[in-house]
Every structure is written in C-alpha cells, then in structure tokens.
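with the sequence up front, the predicted model follows.
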Amino acid sequence: MKRKKLGSSDIEVTDLCLGSMTWGTQNTVDEGHEQIDRALDAGINFIDTAEMYPVNPVSAETTGRTERIIGLWFERDMRRDDVVLATKHSGAGVAHVREGAPISSETIRETVEGSLRRLKTDYIDLYQFHWPNRGSYMFRKNWTYDPSGQNRAETIANMEDCMGALQDEIKRGTIRAFGLSNESAWGMAQWAAVAERVGGPRPISVQNEYSLLCRMADTDVAEACINEEIDMFAFSPLAAGLLTGKYQRGRVPEGSRMSLVPELGGRKGPRAFKAVEAYLALAQAHDLEPVHMALAWCRQRPFMGSVIFGATTMDQLELALGAADVTLSDEVMSALDDIHRKHPMPY
C-alpha cells in the first residue's frame, strides 16, 4: 500500500482511505469493526469519518453514531497509533447539529470535544470543515451556483476567526492538522493565505467528490492543490456505486444505496448510465475489474492524496482493496480521457 505525506505536514497516509459513513445505518457496530480490522491488515492506515455520520439517511437520532463505533474499536483494540483519523465539523444546513449554526470560533472547541468523546481518543489527526459557511457548488449545485450574494469581507473575517480557534486546538494537542471539504479553488487559496497572514494551521487537504463521472476538480481545484500544497481526497470515487456496473439495465440490488436513495443524490440519469456503459466496455477490453480501474485512476491523478472508498459488505471491501495493486497503463489513462470527452458532466 503506497503512502504519501500530506501537504507540508508530517502526516503520512495510505493512498486508499477507509470511509465510514454507512456504519450505524447500513452497517452494524460489529461490521464496522470487521472492516477496520481487515483494512488495517491490508495495510491501510487512514480512516475518514464525520460528526454527522452515518448517512442513508442522515437523522438527528443517528448523528454521531459512526464516531462512536470507531471509538468502541479504539477502546477494544488499543491501536490508536496505527490509524490516521480524520473527522469533520458540520456547519450551517444541518438543523439538528448545534441548531444549524455555521462554523465559527464559538463552535470549534465544543465540536472537537464532542468528537473526542465519541471517538474515545485524545487527539484527531486531521480536522476538516465539512463545507464552507458561504455555500458550495458540490452535490449537483454547480448547475445553479451563484456566488454573487457572497460578502468577501465577512468570509475572510470568519476564516480569520476560525483560524485562531484552530490554532488554540493545535496548541492543546487535540488536533494535529486542518483540512477542507466541498471547497472551491478560491476558498482553498483564501484559507492558505489567511493561515500565512494571521498564523494558524495551513490547510493540508481538501475532500471533494471526484470520480470518472465527476471531474470538476481537474482544472482550478487541481491547480490550487498543486500550488498551495493541499492534497485532495476523492470521495465517491465509484460515483455512489454507478461505476461498479451494478445499477446498469435497471437493476437495483436489495440493500444497495439506490434502494435507499433512489436518485443517488442527483447522480442517476440516462447520461450517467451511457457513460458507465462506455467505462465498463473499456475495463472489459483491457481485462480490468471496473472497481479497480475507477479507484486506480483516482490514485494516479497528480494532485491526489488519498482515495476514500466505502463498503457495506466484506466482499465489497475485499474487491476495493485489490485496487492497491493496480496501475493503469498510459493507453488506458488516455482512453479514459477519450470517454470523458464523449460523456462530460453526465450528471
């Protein structure tokens, strides 16, 4: 399993990351622990979670349950030092978390303390802001995104305010590093500039949706990653399961994400299925497992820090782990770009 140091930090993570967002709804405590055991045995050292998890569905009753499941594993195995742990601070938009309060210096310590209690740990390796207070074009909002109502001065003032609180947590030893999520290139650059100007933890990562079907990061975000030393974490690298091929020809497997979220968060549609068909044909032509091809392609992108995948069964986990041994040829990488040109922005 390959490892990479994130940004300018000394935090080293594997280029595959175990996602946890189904633990507590689609997966039981024991199943979550079994996944952690197997992932670590395979060489993975990186687990990503969030205070609002699990999903499918998100609810007030389940918020924090995934962190508690991970905490029970730490308590059971006492292997905290074997794991690079990332979690996220929710913000405006989730009414049942701090009554929908935006991220600010007033919420950071409280939120960190809550995660530490649930995770049964003294520190969080990577503390991420789940999405910007000003809003985000992610999750299909790009089609109607309009930033003209933003107030730049307020945005920068909030960043400076948060940076002071983050630095306090660094000094307390409760977090080691700071990361972003669902962020734009402009936002990434501003966070980096604020850290340099007022002091505080420079962001070392950005977690955005990225897959063969969702390549919005290929231009400005990729450039910001390279120039600002901010490594990307790809979430939904299998496009919520579309790239596995399991939903082709109208199939909806029992217990699958589509059976719970029929539109797959806006990803489902005829153009998506046509694009998937082309990717599946390419995988078959080169004797590649589609899951391995999709994950390996993400891993080989020049701005990638780690690729976050999730599984609801051990068979799915085993299949994903096989991507660690796959390197795509220049021929396949070029062919994947050709398909993207023919099927751009399929959802």
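On my side now, so go ahead. Numbering: from 1, shown residues only.

please name the residues that touch R301.
For R301, the residues meeting the contact criterion (C-beta atoms under 8 Å, 6 or more residues apart in numbering) are Y210, A222, M232, A234. Just so you know, the C-beta spots here come from the backbone N, C-alpha and C atoms, and that holds for glycine as well.

looking at those, which is nearest I108?
M232 (23.4 Å; C-beta to C-beta).

still on that earlier bit, which of the contacts of R301 lies closest to W23?
Nearest to W23 among these is A234, at 19.7 Å by C-beta to C-beta.

how much space between that closest one and M304?
6 Å (C-beta to C-beta, to the nearest Å).

these two: who's more crowded?
Legend: neighbour count by other C-beta atoms under 10 Å for A234 and M304, higher for A234 (27 against 21).

skipping adjacent residues, who's closest to the more buried one in space?
Y210 (3.8 Å; C-beta to C-beta, 6 or more residues apart in numbering).

that neighbour contacts M232, doesn't it?
Yes - under the criterion of C-beta atoms under 8 Å, Y210 lies in contact with M232, with a separation of 6.8 Å.

common neighbours of the two, please.
Taking C-beta under 8 Å, 6+ apart as the contact criterion, the common neighbours of Y210 and M232 are A217, R301.

can you pull out the helices in the stretch 51-200 of the chain?
With DSSP state H, counting those that start in this stretch, the ranges of helices along the stretch 51-200 of the chain come out as 65-77, 105-119, 152-172, 185-198.

any chance of those in a markdown table, with mean pLDDT and mean neighbour count too?
As requested, the helices of the stretch 51-200 of the chain are exported to a markdown table (pLDDT from 0 to 100; neighbours: other C-beta atoms under 10 Å):
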| stretch | mean pLDDT | mean neighbour count |
| --- | --- | --- |
| helix 65-77 | 97 | 20 |
| helix 105-119 | 98 | 18 |
| helix 152-172 | 98 | 16 |
| helix 185-198 | 98 | 18 |
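
got the ones you listed as TSV, with distance to G255 columns?
TSV is the format used below for these (distance: least, C-beta to C-beta, whole Å):
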stretch	distance to G255
helix 65-77	18
helix 105-119	26
helix 152-172	39
helix 185-198	36
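
what's the closest of those helices to D41?
helix 65-77 (11.9 Å).

now the closest one, how far from the chain's geometric center?
Here helix 65-77 is found 20 Å from its chain centre; the criterion is C-alpha atoms, centre = their mean, to the nearest Å.

show me what it is packed against.
Other helices and strands packing on helix 65-77, by 3 or more C-beta pairs under 8 Å, 6 or more residues apart in numbering; DSSP states H and E, are helix 29-41, helix 105-119.

okay, helices next: where are they in the stretch 201-347 of the chain?
With DSSP H, counting those that start in this stretch, the ranges of helices along the stretch 201-347 of the chain come out as 220-228, 257-260, 270-285, 290-299, 314-321, 330-342.

which residues touch the closest residue to D82 other than its chain neighbours?
In space, D82 comes closest to L40 once its chain neighbours are excluded; the distance is 6.2 Å by C-beta to C-beta, 6+ apart. L40 sits next to R79, D82, V83 when contact means C-beta under 8 Å, 6+ apart.

quick one, which of the residues you listed are buried?
For the contacts of L40, a burial check counting by 16 or more other C-beta atoms under 10 Å picks out V83.

pipe the contacts of L40 into JSON lines and attach pLDDT and distance to A281 per row.
Output for those, formatted as JSON lines (pLDDT from 0 to 100; distance: C-beta to C-beta, whole Å):
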{"residue": "R79", "pLDDT": "95", "distance to A281": "42"}
{"residue": "D82", "pLDDT": "97", "distance to A281": "40"}
{"residue": "V83", "pLDDT": "98", "distance to A281": "38"}
